[in-house]
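Colleague: For reference, the sequence and a predicted model appear below.
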Amino acid sequence: MAYSHKDRYNRLKALQICTNCGKKPARPGRITCEACYKIQKSYAKDMRSLQNDVVILPERPKPKYTLEQINAMAAERGISYGQMVALLDQKEGRYGKKSQ
């Protein structure tokens with residue numbers, strides 16, 4: 001018969017064996033062994049430090065042209081919006097080589 005996790009936990013707890021690894025005796029009055037306790041403690045410490053770290057994202061540069069302006073320039077040249085964006089990026093040297 002298969003045991004559920006709850007059954008395993010209760011059985012190990014009653015036998016005073018670590019409920020985490022199930023191999024070593026639990027600390028007196030506790031449910032985990034010393035090794036598992038140290039691992040859990042260091043993990044919790046790492047998670048707290050990650051939560052406390054403040055990530056400051058750089059502000060995005062304001063675009064030179066609006067969508068409507070890019071659409072108008074593309075229509076004048078008879079090309080698509082995406083092609084116009086690629087031309088502007090190439091002209092400003094954002095991606096690839098700068099055209100002259």
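Modeller: In hand now; what should we look at?

Colleague: How about Gln16: what's its closest non-neighbour residue?
Modeller: Of all residues not flanking Gln16 in the chain, Ala26 sits nearest, at 5.2 Å (C-beta to C-beta, 6 or more residues apart in numbering). No exception for glycine: its C-beta is placed from N, CA and C like everyone else's.

Colleague: ok, then the element right after the strand or helix carrying Ala44?
Modeller: Secondary structure from DSSP states H and E places Ala44 in helix 34-52. Scanning the chain past helix 34-52 towards its C-terminal end, the next helix or strand to appear is helix 67-77 (assignment: DSSP H and E).

Colleague: Quick check: Lys23 vs Asp89, distance?
Modeller: 59 Å (C-beta to C-beta, to the nearest Å).

Colleague: Ala74 now?
Modeller: Summarising the geometry, the distance separating Ala74 from Asp89, computed by C-beta to C-beta, is 13 Å.

Colleague: Relative to its centre, which residue of the protein is most distant?
Modeller: Using C-alpha atoms, centre = their mean, the residue of the chain lying farthest from its centre is Glu76. It sits 43.2 Å away.

Colleague: Show me where the protein dips below the pLDDT cut-off.
Modeller: Within the chain, the segments meeting pLDDT under 70 span 1, 95-100.

Colleague: circling back: tell me which other helices or strands the helix holding Ala44 touches.
Modeller: When contacts are defined as 3 or more C-beta pairs under 8 Å, 6 or more residues apart in numbering; DSSP states H and E, helix 34-52 sits against none of the other helices and strands.
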